[in-house]
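# A structural model of the following input is requested.
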Amino acid sequence: MALDAQAAARAAASVPGLPQDAVGPVFREPWEAQAFAMTLALHDRGLFSWKEWAEALALEIKRAQAAGDPDTGETYYQHWLAALERLVAQKGVATRDTLVRYRDAWDHACERTLHGQPIELKPDDFR
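Next up is the predicted model:
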């Protein structure tokens, strides 16, 4: 999923606390960029406003802090993904059960995939 530079810049300006440098958002892992790109795509499709997104993300960060997250910035995209999953479920795009089912299938596919090879979901991954 490629990132649109203009959309990334709009998101960076709209979402406080987004890890970024002079060029734009910064990601430590590929999944972080993918979660970011999915959020941009869903916003562009009108699923939520940036204000709504920022509120959902802030709520996830507050929940994590209340549960003991040290808020060092290392878990930022974990909160990002949790906020995305919550909004997707709230908006009826996918249920929490569906999200968990796909996450577990992805984990299974990762376990059976050799390092350096593309991960491919197969029907057996959903069992």
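# ok, now how distant is Leu40 from Ala33?
According to CB to CB, to the nearest Å, Leu40 and Ala33 sit 10 Å apart. Quick note: C-beta positions are derived from backbone N, CA and C, even for glycine.
# before we move on, what about Gln78?
The value you get for Gln78 to Ala33, if CB to CB is used, is 14 Å.
# before we move on, what about Ala94?
21 Å.
# neighbour count winner among the two?
Neighbour count, other CB atoms under 10 Å: between Ala94 and Ala33, Ala33 has more, with 18 against 13.
# Go ahead and list the helix or strand containing the more buried one.
Using DSSP states H and E, Ala33 falls within helix 30-44.
# Kindly report the same for Ala56.
Per DSSP H and E: helix 50-66 holds Ala56.
# Where do the helices of the chain begin and end?
5-14, 30-44, 50-66, 76-90, 96-112 (DSSP state H).
# where among the ones you listed is the average confidence lowest?
Lowest mean pLDDT of the helices of the chain: helix 5-14, a mean of 68.
# Can you name the residues that contact the residue nearest to Arg101 when sequence neighbours are not counted?
Nearest residue to Arg101 in three dimensions, chain neighbours excluded: Phe126, at 6.5 Å (CB to CB, 6 or more residues apart in numbering). Phe126 is in contact with Arg101, Asp104, Ala105, counting by CB atoms under 8 Å, 6 or more residues apart in numbering.
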